[in-house]
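Visitor: Structural data only, the sequence is not supplied:
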């Protein structure tokens, strides 16, 4: 969950390779498109698991695999944004490890898909594997605590990582 609060730090620093060739690696238009696409994908994939019939057909093991796959997509964002693209003396002096606008967009779509889809389906599906109401109540508490802890740790991590992007 900590990826959700660290996410803007990396996303706003993913350069547009197309405009970087014109010595403008960061543009407001690119950031707006990138963030809008993320929010749109997040919304669409968050609505899909609300269909109870659809959710019942998804095995718990698949949900677990999708959760771990999200970690892989999250690891791509630092490679898409570090080292920070810099223009020095009219030339690009540094560029990130992965330099592809198409890959950046595909990674973003799958990251948003897996984040919202697995979070929503996890909250809906976990109740199927528990036996009684007491376990379901404890499960809700644990999921809530996990979410809040992740948001807190992600926020603290973002503050610590800001110097990498200066």
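Guide: Received it, and whenever you're ready, just let me know what you need. Since this is a predicted model, take the numbers as computed values, not measurements.
Visitor: got the end-to-end distance for stretch 15-31?
Guide: End-to-end span of stretch 15-31 (C-alpha to C-alpha, to the nearest Å): 9 Å.
Visitor: can you pull the buried residues of it?
Guide: Neighbour counts over stretch 15-31 (16 or more other C-beta atoms under 10 Å) mark 15, 16, 17, 19, 20, 25, 26, 30, 31 as buried. In short, each C-beta sits where N, CA and C put it, glycine included.
Visitor: per-residue pLDDT, the second one?
Guide: Looking back up the chat, that one is residue 16. As predicted, residue 16 sits at a pLDDT of 90.
Visitor: check which helix or strand covers the closest residue to it other than its chain neighbours.
Guide: Nearest non-adjacent residue to residue 16, counting by C-beta to C-beta, 6 or more residues apart in numbering: residue 30, 3.9 Å away. If you go by DSSP states H and E, residue 30 is part of helix 28-47.
Visitor: right, and the helix or strand after that helix?
Guide: Counting by DSSP H and E, what follows helix 28-47 is helix 52-57.
Visitor: Closest to the mean position in this protein, which residue would that be?
Guide: residue 111 (4.6 Å; C-alpha atoms, centre = their mean).
Visitor: wait, is that residue part of a helix?
Guide: Yes - counting by DSSP: H, G, I helix; E, B strand; the rest coil, residue 111 falls inside a helix.
Visitor: can you pull the contacts of it?
Guide: The neighbours of residue 111, taking C-beta atoms under 8 Å, 6 or more residues apart in numbering as the test, are 3, 38, 70, 73, 74, 76, 77.
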